[in-house]
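Engineer: Give the three-dimensional model of this entry:
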Amino acid sequence: MERNCTDAMALEIQYTAEGEPQQFIRDSLRSHNLRVAPTDQEPSALPVSLILRDKKKQVVGGLLGMHYRHCFALDILWVDDAHRGTGCGARLLAAAEAVVREKGCRMIHLDTFSFQAPAFYQRQGYEVFGVLDGYPDGIKRYYLRKLLVSEQED
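Structural biologist: So this is what the prediction gives:
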């Protein structure tokens, strides 16, 4: 078995998140993680989506994330411009918290840019645990979390 990553190996660059090699890589990492750090949670990762529709059944907001290892990684929370400031974002977030708490999640974590919604999440009880700066135009990326159980319950 070759122990060096050499120029003889073919390196492909693909500009897509979906496909057979991408799924193989995800599955392989998940398998490795379960071998070295087993979890009692099955399945080991579960997508969770909340979709908000208006009376005409049009999508006006949504929340997407992944439930894993008793945590929830919130990937996207979006509300249509016409419905921002009406409580739709807070409603989606509260519903997600209830759903994943019921599934045994102990924490939610997410990231958001300074031009997006760090203050919104902080108003919902999320705390900043990291900031990444260095983006052009002074933009920052905030990393936030919210514990769904108290330290005493831990």
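
Engineer: What residues of stretch 81-93 count as buried?
Structural biologist: When burial is assessed from 16 or more other Cβ atoms under 10 Å, stretch 81-93 yields the following buried residues: 88, 89, 92, 93. For glycine as for every other residue, the C-beta is placed from the backbone atoms N, C-alpha and C.

Engineer: Those residues into a markdown table, with extra columns for pLDDT, secondary structure and distance to residue 130?
Structural biologist: As requested, those are arranged in a markdown table below (pLDDT from 0 to 100; DSSP: H, G, I helix; E, B strand; the rest coil; distance: Cβ to Cβ, whole Å):
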| residue | pLDDT | secondary structure | distance to residue 130 |
| --- | --- | --- | --- |
| 88 | 97 | helix | 27 |
| 89 | 96 | helix | 22 |
| 92 | 97 | helix | 24 |
| 93 | 97 | helix | 20 |
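
Engineer: Looking at those, spot the one nearest residue 138.
Structural biologist: For residue 138, the nearest member of the buried residues of stretch 81-93 is residue 89. The distance, counting by Cβ to Cβ, is 24.2 Å.

Engineer: so what's the nearest residue to that closest one once chain neighbours are set aside up against?
Structural biologist: Leaving aside its sequence neighbours, residue 89 sits nearest to residue 79 (Cβ to Cβ, 6 or more residues apart in numbering; 5.0 Å). Under the criterion of Cβ atoms under 8 Å, 6 or more residues apart in numbering, the contact partners of residue 79 comprise 52, 60, 61, 88, 89, 92.

Engineer: likewise residue 122?
Structural biologist: Taking Cβ under 8 Å, 6+ apart as the definition, contacts of residue 122 comprise 128, 144.

Engineer: what kind of secondary structure is it in?
Structural biologist: Classification of residue 122 by DSSP: H, G, I helix; E, B strand; the rest coil places it in helix.

Engineer: Next one: it from residue 59, what distance?
Structural biologist: According to Cβ to Cβ, to the nearest Å, residue 122 stands 26 Å off from residue 59.
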